[in-house]
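Colleague: Got a predicted structure plus its sequence, pasted below:
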Amino acid sequence: MIAVFIETRDGKTKKSSLEALSEARRRAEELGIEAAALLVGGGTGASAAAVDVASFGPARVHLLENAALADYSAQGYAKAVADFVAVAHPSALFFAATAMGKDLAPRVAARLGVGLASDCTRVAVRDGKLEFTRPIYAGKALLSLTLASTPQVATLRPNVFPLGPAAPGPAPEAARMAVEIPDGFVKGRVAEVLKEASAEVDVTEADVVVSGGRGMKGPENFALLRELAAVFPRAAVGASRSAVDSGWIGHQHQVGQTGKTVSPNLYLAVGISGAIQHLAGMSSSKCIVAVNKDPEAPIFKVADYGIVGDLFEVIPKLKDELKKMIE
């Protein structure tokens with residue numbers, strides 16, 4: 001069995017987890033085994049998410065429940081998943097390489113004493129075993145590896161694996177498992193969740209990412225990028241580290257080696273020179289468009305299309321032309 005941890009947010013299933021489940025189902029079919037969804041929670045959220053995952057082909061949906069798991073806790077969730085592995089003995093365990101997945105997967109692997117393949121961009125079956133491919137050296141090379149330990153734990157990069165529902169079939173079986181969380185085991189608790197006023201898609205799950213760098217010259221000019229992003233469905237605003245360090249936009253928007261790794265269908269780099277640390281976080285994008293007034297900027301070496309010009313002149317015109325195309 002290949003089990004997939006399903007991440008939920010505000011009662012909704014994360015698209016990246018459904019991508020991981022879709023890939024697990026494809027690989028499980030090759031291996032002649034089952035794929036299963038794994039939901040952790042302490043209320044109605046996990047049960048509601050079970051309905052979302054049913055159409056993506058899991059043979060079973062496992063619900064790990066305890067009131068202490070209503071909010072995400074690295075300690076509590078890691079114990080819940082490890083306890084599940086001890087009972088169900090899956091051959092592999094997949095997580096989406098989101099902020100939560102990157103936090104949880106290593107903790108689970110450490111509790112189980114097994115290896116971890118992180119931020120994988122490809123999963124294949126070779127000689128009856130799973131083979132994982134992941135970028136190394138800031139994306140300059142690809143490493144293919146197999147894990148000798150069981151279960152094989154891996155995180156899968158969002159927006160890389162095709163999202164596809166399974167062919168019509170029987171509804172997956174639901175299995176509930178009560179998780180024991182001793183008093184005092186969870187050292188911290190969520191007191192309050194502060195959200196941005198905007199309802200932007202997370203950059204890791206967006207189909208289009210419009211990123212700005214030092215060339216934006218100030219926080220007020222990121223409004224230009226938000227207006228451009230609003231033209232596209234499922235779009236988000238990103239930023240380089242220099243823009244974030246300058247306080248022009250929140251850290252949750254940072255794309256790069258010390259920020260988030262994205263793989264959208266379209267990545268627009270506006271006023272970004274293209275430092276290697278930034279390229280490490282966006283080079284796997286399907287199509288890259290760069291706007292920069294410096295024709296020698298490194299970003300043009302990885303861009304599929306480039307515009308040399310003043311971004312404050314280019315972006316308004318680009319937005320107007322895109323609106324005409326959509327209308």
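Modeller: Perfect, I can see it now.
Colleague: isn't Ile249 right next to Gly218, touching?
Modeller: No: under the criterion of C-beta atoms under 8 Å, Ile249 makes no contact with Gly218, lying 10.6 Å away. C-beta here means a position set from N, CA and C on the backbone, and glycine is covered the same way.
Colleague: more neighbours, these two?
Modeller: The residue with more neighbours, out of Ile249 and Gly218, is Ile249; 21 against 9, by other C-beta atoms under 10 Å.
Colleague: pLDDT wise, what is that one at?
Modeller: Listed pLDDT for Ile249 reads 95.
Colleague: which residues touch the closest residue to it other than its chain neighbours?
Modeller: Nearest non-adjacent residue to Ile249, counting by C-beta to C-beta, 6 or more residues apart in numbering: Ala239, 4.7 Å away. Contact analysis of Ala239 by C-beta atoms under 8 Å, 6 or more residues apart in numbering lists Ser211, Gly212, Gly213, Phe222, Trp248, Ile249, His253, Gln254, Val255.
Colleague: does the first one sit in a helix, a strand or a coil?
Modeller: Okay, so that is Ser211. Recorded secondary structure, Ser211: strand (DSSP: H, G, I helix; E, B strand; the rest coil).
Colleague: ok, of the contacts of Ala239, which one's closest to Val51?
Modeller: Proximity of the contacts of Ala239 to Val51 (C-beta to C-beta) peaks at His253, which lies at 31.5 Å.
Colleague: For the closest residue in space to the closest one that isn't next to it in sequence, give me phi and psi.
Modeller: Excluding the flanking residues, the one nearest His253 by C-beta to C-beta, 6+ apart is Ala239, at 4.6 Å. Main-chain dihedrals, Ala239, degrees, to the nearest 10: phi -160, psi 160.
Colleague: what pairs with Ala239 across the strands?
Modeller: Gly212, Gln254 (DSSP bridges).
Colleague: Ala92 reaches Glu131, doesn't it?
Modeller: No: using C-beta under 8 Å, Ala92 is not in contact with Glu131; the gap is 11.6 Å.
Colleague: Looking at these two, which one has more neighbours?
Modeller: Ala92 (25 against 18).
Colleague: Can you name the residues that contact the more buried one?
Modeller: So Ala92 contacts Met1, Ile2, Ala3, Ala24, Leu130, Pro151, Gln152, Val153, Ala154 (C-beta under 8 Å, 6+ apart).
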